[in-house]
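Asker: What would the 3D arrangement of this be:
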Amino acid sequence: MSRAVIQAGWDDVPHISDEMIERMTKGMAPHTADARRKGIPSLGSGAIYPVPEEEVFITPIQLPAHFYRACGFDVGWNKTAAIWGAHDRDSDVIYCYSEHYRGQAEPSVHASAIKARGDWIPGIIDTAARGRSQTDGRNLWDLYEGEGLSLVGADKAVEAGLLEVYERLSTGRLKIFSTLTSTASEYRIYRRDDKGRIVKKNDHLMDALRYLVMGIEHAITKPVETTFSRPAVGDSVAGY
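Answerer: Numbers count the residues shown, from 1 in each chain. This next block holds a predicted model:
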């Protein structure tokens, strides 16, 4: 038997006027009112990041070369996720501009996709990768470094990380390109249960985002390639 889910909000109901919506949303938190208006299901006891999507997700912009780059990286067999950020240190704004989201693939597959975005960009990775791979018992950290990735251990202080991400979101210092559709999907359902615990389901990119934000000091600019030519015979150069 086939099934379908139809999502409808107040904006889809012709007989609900703007005045009625204003009256019904009076006193609601902004994220709750936004969810009701758009027909987004209420999940658990509340969103971890109660900041409306339109304040977070932006139309992609051109990112200057002098912005510092890093990648938050959450590894696993069922799902491996990565999110890239560009840090404008003058305004202290992080722009998340690319994502990788794939399950059940070997490290070489993920590494290839990650290096395609820039093999010089440091990956801030879950330190659990220093443990054993479920597939062959090898250290995942070593496997990814062997594939040519530059890795840094992530700060895994969960509550401190959540607070740092939330503060950036709520003050406009963390923006996410609207093209990051998997990130948007996780953002909408990232929540706590009725006991205040994080719902650990479909949150791989949210973990990667936290690693990125907490480790943004590791971000670097693209190294400048230099070439050195030995002077031709007869040229006068100091030191020769």
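Asker: ok, how many other residues are close to the closest residue to residue 103 other than its chain neighbours?
Answerer: Among residues not flanking residue 103 along the chain, residue 79 sits closest, at 4.4 Å (C-beta to C-beta, 6 or more residues apart in numbering). Every residue, glycine included, has its C-beta placed from N, CA and C. By other C-beta atoms under 10 Å, the residues close to residue 79 number 17.
Asker: swap in residue 131?
Answerer: Neighbours of residue 131 (other C-beta under 10 Å): 12.
Asker: do you know how far it is from residue 104?
Answerer: Distance, residue 131 to residue 104, using C-beta to C-beta, to the nearest Å: 19 Å.
Asker: pull the longest helix from this structure.
Answerer: helix 158-170 (DSSP state H).
Asker: For the helix or strand following it, which helices and strands make contact with it?
Answerer: Beyond helix 158-170 on the C-terminal side, the first helix or strand identified by DSSP states H and E is strand 174-177. Secondary-structure packing of strand 174-177 (3 or more C-beta pairs under 8 Å, 6 or more residues apart in numbering; DSSP states H and E): strand 57-58, strand 93-102, helix 181-189.
Asker: What are the buried residues along the longest one?
Answerer: By neighbour count, with 16 or more other C-beta atoms under 10 Å as the criterion, the buried positions of strand 93-102 are 93, 94, 95, 96, 97, 98, 99, 100, 101.
Asker: got the contact list for it?
Answerer: 60-61, 63, 67, 79-88, 109-110, 113-114, 117, 168, 172-177, 180, 182-183, 204-205, 209, 212-213, 216 (C-beta atoms under 8 Å, 6 or more residues apart in numbering).
Asker: Which of the helices and strands packed on strand 174-177 sits closest to residue 221?
Answerer: strand 93-102 (14.3 Å; C-beta to C-beta).
Asker: Run the chain-centre distance for the closest one.
Answerer: Mean C-alpha position of strand 93-102 versus that of the full chain (C-alpha atoms, centre = their mean, to the nearest Å) differs by 5 Å.
Asker: I'd like the average pLDDT over it.
Answerer: For strand 93-102, the mean per-residue pLDDT is 97.
Asker: mind exporting it as CSV, just the C-alpha atoms?
Answerer: The C-alpha atoms that make up strand 93-102 are tabulated as CSV, following Å, rounded to 0.1, in the frame of the first residue of the first chain:
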residue,chain,number,x,y,z
VAL,A,93,30.6,35.5,10.3
ILE,A,94,30.8,31.9,9.2
TYR,A,95,29.3,31.0,5.9
CYS,A,96,28.5,27.3,5.4
TYR,A,97,28.7,26.8,1.6
SER,A,98,28.9,23.1,0.8
GLU,A,99,28.0,19.7,2.2
HIS,A,100,28.7,16.0,1.8
TYR,A,101,26.1,13.5,2.9
ARG,A,102,26.4,9.9,2.0
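Asker: partner strands of it, parallel or antiparallel?
Answerer: Using DSSP bridges, the strands paired with strand 93-102 in its sheet are strand 80-88 (antiparallel), strand 174-177 (parallel).
Asker: Just say which of these is most tucked in.
Answerer: With neighbours taken as mean count of other C-beta atoms under 10 Å, these reach their highest mean count in strand 80-88, at a mean of 25.
Asker: lowest average confidence, helix or strand, in this protein?
Answerer: helix 30-38 (a mean of 61; mean pLDDT, DSSP states H and E).
Asker: packing partners for the helix or strand following it?
Answerer: Going down the chain from helix 30-38, the next helix or strand is strand 46-47, by DSSP H and E. With contacts defined as 3+ C-beta pairs under 8 Å, 6+ apart, the packing partners of strand 46-47 are strand 191-192.
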